[in-house]
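# Got a predicted structure plus its sequence, pasted below:
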Amino acid sequence: MADARAAAPRPLEVALLASVFVVAACGLVYELAAGALASYVLGDSVLQFSTIIGTYLFAMGVGSWLSRFFERQLPAHFLRIELLVALVGGGLPALLFLVHAWQPGAFRVLLYGLVLVVGTLVGLEIPLVMRILKRNVGLRELVSQVLTFDYLGALAVSIAFPLLLVPQLGLIRTGLLFGLMNALVALWAVWLFRHELRLLAAHVLACLLTLGALGAAFAGSQQITSLAEDHFYQDKIVVAESSPWQRIVVTQGRSGLRLFLNGNLQFAQSDEYRYHEALVHPAMAAHGGARKVAVLGGGDGLAVRELLRYPQVESITLVELDPNMTRLFSTDDRLVRINGGSLRSPKLKIVHTDAFQWLQQVQETFDVIVVDFPDPTNFSIGKLYTNAFYALLEQRLAASGYAVIQTTSPLVARQSFWTVVTTLESVGLQTAPYHANVPSFGEWGFVLASRRPWHAPAALPQGLRFLSVNGVPPLFDFPRDMARVPAEVNRLSNQVLVTTYEREWGKVTN
């Protein structure tokens, strides 16, 4: 009986182990929030998450090493560190959002500075908890219990962050919520060690002030987001949503509505017709009898709107990863007016899945496939521009069919544009590259791909605002500064297109 009582965990031990769970969860949230913001702002999610994680782990190592210098009053040091983590980590997303909007040049320095600070503080936490527990728990049980709760906290957050926290709360409120949790752990520590703390009233006051500051920020998080985004986007924001895949913002200005995904312009109402007419009609009109069509990407329904101009089209399959996009553009009256209610068409079937996986699974073939993905700013999008993806695309294309791919600017990103052309040709498709001027983007590129030569159409649908029969052939003529240059094949194993794209667009934005 005595052994059983000795083996039973004491309330203090249970409380501290629960704190370890919360501490681990909070620390990972701050790490993931920093990585997500870095990928939104700086692009290349693989590079950003890799460097953020590496910096964070290095800082944790520094914090663990520094913990050796804390010898006395360990509970007091622990709760002070908790309060610092709560303030710095909880406020990290909000501060970075504001800096990106008001001082974008300082974003990268502040990002890694905050990651270093938070990582160092988190690295201090666990060793201090272990040393506090060591007073009552054997070493073997101590290490196994602490690490178990540490890993469980990390597991819980790694699942909840993309599936629940960011879609429901957004990055700013997620950070502040977990900052509040850190502050509550500190308040809990004050109560647990109230008999050991010398300045009990001061510690209680510090906890309450921290909770008050974070609570006020959480209550005003929408105002913080609006302040940052209103300044960044300049025009009035009419829609702002976060999904597990992206930040969706629609603004209203003098030129109408504009759509941004992760801060990158996708279309402007004033001239989107130029882009979408150029994207759809050279392929559709040249085919002449397309009945089954697929659209990969294009959740705004604007490409579908152009496809519906052809009465012979019997079915359109829209493959869009983010259901938030199709929901917005099928329910918001302002957006429905732009796409003409195309997403409500009885001819349309919407599939919410990754286009790469869909091509691997689907058995149908299509007369025309419209590929309307965002530019390859990171490796998750870049895979949709690889020879592996285009080989699957070729299998789903009818014998006489055409595929058309939006392909960035051949003027600004000349090497990137011709890399896509070379990659399409590497899977056995014939290509017909072309370009059109879209004022919001400048010269923009497209590529037609098929098993047969492309011929200019003899007729186009009525009601077009940009294209004419005589105006189509000149789109396929490239001036000398956009003419073809040697380019590599973009493969899954190298993703050369992402680095080329970042280098070329970086010359413009830096």
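Nice, thanks for sending it over. Numbers count the residues shown, from 1 in each chain.

# Can you list the buried residues in the helix or strand where Glu241 lies?
Assigned by DSSP states H and E, Glu241 belongs to strand 236-242. For strand 236-242, burial by neighbour count (16 or more other CB atoms under 10 Å) applies to Ile237, Val239, Ala240, Glu241, Ser242. For the C-beta atoms, the positions are set from N, CA and C on the backbone; glycine is no exception.

# Thr431: what's it in contact with?
Contacts for Thr431 (CB atoms under 8 Å, 6 or more residues apart in numbering) come out as Val421, Leu424, Glu425, Val447, Leu448, Ala449.

# Name the secondary structure element that contains the first one.
Under the criterion of DSSP H and E, Val421 resides in helix 414-425.

# Remind me what that helix packs against, helices and strands.
helix 387-395, strand 430-438, strand 442-450, helix 496-509 (3 or more CB pairs under 8 Å, 6 or more residues apart in numbering; DSSP states H and E).

# List every C-alpha atom in that helix, with coordinates, as CSV.
Taking C-alpha atoms only, helix 414-425 is exported to CSV below (Å, rounded to 0.1, in the frame of the first residue of the first chain):
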residue,chain,number,x,y,z
ARG,A,414,10.9,35.1,-69.6
GLN,A,415,12.9,32.0,-68.5
SER,A,416,10.0,30.8,-66.4
PHE,A,417,7.6,31.1,-69.3
TRP,A,418,9.7,29.1,-71.6
THR,A,419,10.5,26.5,-68.9
VAL,A,420,6.8,25.7,-68.9
VAL,A,421,6.8,25.4,-72.7
THR,A,422,9.8,23.1,-72.6
THR,A,423,8.2,21.0,-69.8
LEU,A,424,5.0,20.5,-71.8
GLU,A,425,7.0,19.5,-74.9
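
# can you start the count at 717 instead of 1 from here on
Sounds good: first residue 717 from here, last item helix 1130-1141.

# Which of the helices or strands spans the closest residue to Cys742 other than its chain neighbours?
In this structure, Cys742 finds its nearest non-sequential neighbour in Phe894, 4.4 Å apart by CB to CB, 6 or more residues apart in numbering. Using DSSP H and E, Phe894 falls within helix 882-908.

# Could you list the buried residues of that helix?
Judged by neighbour count using 16+ other CB under 10 Å, the buried positions of helix 882-908 are 882, 885-906, 908.

# who are the neighbours in contact with Ala917?
Shown in contact with Ala917 (CB under 8 Å, 6+ apart): no residues.

# what inclination does the helix holding Val1137 have with respect to strand 1146-1154?
If you take axes from the mean of the first three to the mean of the last three CA atoms, to 10 degrees, helix 1130-1141 sits at 150 degrees to strand 1146-1154.

# Surely Val1020 touches Val1011?
Yes - under the criterion of CB atoms under 8 Å, Val1020 makes contact with Val1011 at 6.0 Å.

# Identify the contacts common to those two.
By CB under 8 Å, 6+ apart, the residues touching both Val1020 and Val1011 are Ile1032, Leu1034.

# For stretch 1196-1213, give the mean pLDDT please.
In this model, stretch 1196-1213 carries a mean pLDDT of 93.

# hmm, back to that, and the furthest pair within the contacts of Thr1147?
Put simply, by CB to CB the two of the contacts of Thr1147 set farthest apart are Glu1141 and Leu1164, 12.0 Å from each other.

# the more surrounded of these two?
It is Leu1164, of Glu1141 and Leu1164, that has more neighbours when counted by other CB atoms under 10 Å, with 21 against 16.

# Please enumerate the helices of the stretch 967-1116 of the chain.
Along the stretch 967-1116 of the chain, the segments classed as helices by DSSP state H, counting those that start in this stretch run 988-1003, 1018-1023, 1039-1047, 1049-1055, 1071-1077, 1095-1098, 1103-1111.

# And those helices: which comes nearest Pro1155?
Closest approach to Pro1155 among the helices of the stretch 967-1116 of the chain (CB to CB): helix 988-1003, 7.7 Å.

# lowest-confidence helix or strand of this structure?
helix 718-723 (a mean of 43; mean pLDDT, DSSP states H and E).

# From the chain's centroid, how far away is the following helix or strand past it?
Under the assignment DSSP H and E, the closest C-terminal helix or strand after helix 718-723 is helix 727-758. Distance, stretch centre to chain centre, for helix 727-758: 20 Å (CA atoms, centre = their mean, to the nearest Å).

# Tell me which residues of helix 727-758 come out buried.
Within helix 727-758, the residues that qualify as buried are 729, 732-733, 735-758, counting by 16+ other CB under 10 Å.

# tell me the angle of that helix relative to helix 1212-1225?
Using the same axes, to 10 degrees, the direction of helix 727-758 lies 70 degrees away from that of helix 1212-1225.

# how far off strand 952-958 does helix 727-758 point, in degrees?
Using the same axes, to 10 degrees, the direction of helix 727-758 lies 130 degrees away from that of strand 952-958.

# Remind me what helix 727-758 packs against, helices and strands.
Under the contact criterion of 3+ CB pairs under 8 Å, 6+ apart, helix 727-758 touches helix 761-782, helix 790-818, helix 823-849, helix 855-876, helix 882-908.

# averaging pLDDT over each of those helices, which comes out lowest?
When the helices and strands packed on helix 727-758 are compared by mean pLDDT, helix 855-876 comes last with a mean of 74.

# ok, now how distant is Trp1221 from Val1214?
Applying CB to CB, to the nearest Å, the value for Trp1221 to Val1214 is 11 Å.

# Those two: which has the busier surroundings?
Val1214 (26 against 18).

# which residues sit in contact with Pro1173?
Residues in contact with Pro1173 (CB under 8 Å, 6+ apart) are His997, Pro998, Ala1001, Ala1002, Gly1004, Val1185, Val1188.
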